[in-house]
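1. Have a look at this fold, sequence not included:
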């Protein structure tokens, strides 16, 4: 049931969003727009939950550079580079950001498939050919997104790159189907493999870049929120002072998700506000860059927090997901 829930919440945006955006201007009221953006951004703030979770603090203490120094550098570095990049070359900054974001999305998708694979065949890791197929689609997805980043004079080149990456993804999907049939792969594992290699497919078929990127961004966010909910609410707790510890966990969890998610959603507005208050454009650009640096810090932290080949993280996750790998 656990994996079918993951699959259901992952696929939902791929079904709902095309129906919303298909063939016409979407119902682009501000409420709908902000709701969709919130769904895509809410998971970013949830990284902060690791700092509150007592079971994870030992990992943070043992890796202060990863959890303190590098995130701080990501925020500062993002602010400075964004503010210092001339408008004519800002596409290059967005290209790095977007490619890194899609790589981050793809790594999580690979992680989900790895969990399914190990759970289906205990003791066996993802097979090399499966790794090649998934990472080929991730690499294509990281490059194929560049056409959405307002490339200016590079529009034709990025559209050509999008087409090439789309064909690569289609070829990878075809190879995956052949591999599934040849190996008689179990249905659950086969479905997740196909979903993994087709994760970025919307950006090759959608006419509107926003519709494409929001589809898989929300799918990624739903996956992450689901995993963090399991981590948060499946911890061992003790009754204290007539207050159910799970209530405290719920308040912290949903507080981070709602407040933090709202802040991340309107991050660019903070730059406009600072610029309006100070009258200094550079100050506004620094704030915008710093807010996007928070997202990059999320990439940096999560790349380590969910690295299950490391024993501390693996033991932490297996303790919270005791119903898996039995």
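-> Noted; the coordinates are in hand. It should be emphasised that the depicted structure is a prediction, and the values quoted were computed from it without experimental measurement. Numbers count the residues shown, from 1 in each chain.
2. contacts, neighbours, all on C-alpha from now
-> OK.
3. Could you count how many residues lie near residue 141?
-> As a burial measure, residue 141 scores 29 neighbours (other C-alpha atoms under 10 Å).
4. Contacts for the host helix or strand of it, please.
-> According to DSSP states H and E, residue 141 maps onto helix 128-144. The contact list for helix 128-144, computed with C-alpha atoms under 8 Å, 6 or more residues apart in numbering, reads 98-103, 106-107, 110, 158, 161-163, 165-166, 168-169, 172, 175-176, 193, 196-198, 200, 203-204.
5. Over to stretch 215-224?
-> 6, 9-14, 17, 36, 39-44, 105, 108-109, 199-200, 202.
6. one step back: after the helix holding residue 141, which helix or strand is next? Please name it.
-> helix 155-183.
7. picking up where we left off before, of the contacts of stretch 215-224, which count as buried by neighbour count?
-> 6, 9-11, 13-14, 17, 36, 39-44, 105, 108-109, 199-200, 202 (16 or more other C-alpha atoms under 10 Å).
8. circling back to that earlier point, quick one: the helix holding residue 141 to helix 155-183, angle?
-> 160 degrees (axes from the mean of the first three to the mean of the last three C-alpha atoms, to 10 degrees).
9. Can you list the buried residues in helix 128-144?
-> So helix 128-144, judged by 16+ other C-alpha under 10 Å, has buried residues 130, 133-144.
10. any low-confidence regions in the stretch 151-300 of the chain?
-> Along the stretch 151-300 of the chain, segments meeting pLDDT under 70 span 208-209, 237-242.
11. give me that answer again for 80
-> Applying pLDDT under 80 to the stretch 151-300 of the chain flags residues 151-152, 206-211, 236-245.
12. residue ranges of the helices in it, please?
-> Assigned by DSSP state H, counting those that start in this stretch, the helices in the stretch 151-300 of the chain fall at 155-183, 187-197, 202-205, 209-233, 245-255, 261-265, 267-278, 281-305.
13. can you list the residues that contact the second one?
-> The contact list for helix 187-197 (C-alpha under 8 Å, 6+ apart) reads 7, 106, 109-110, 113, 116-117, 120, 130, 133-134, 137-138, 169, 172-173, 176-177, 180.
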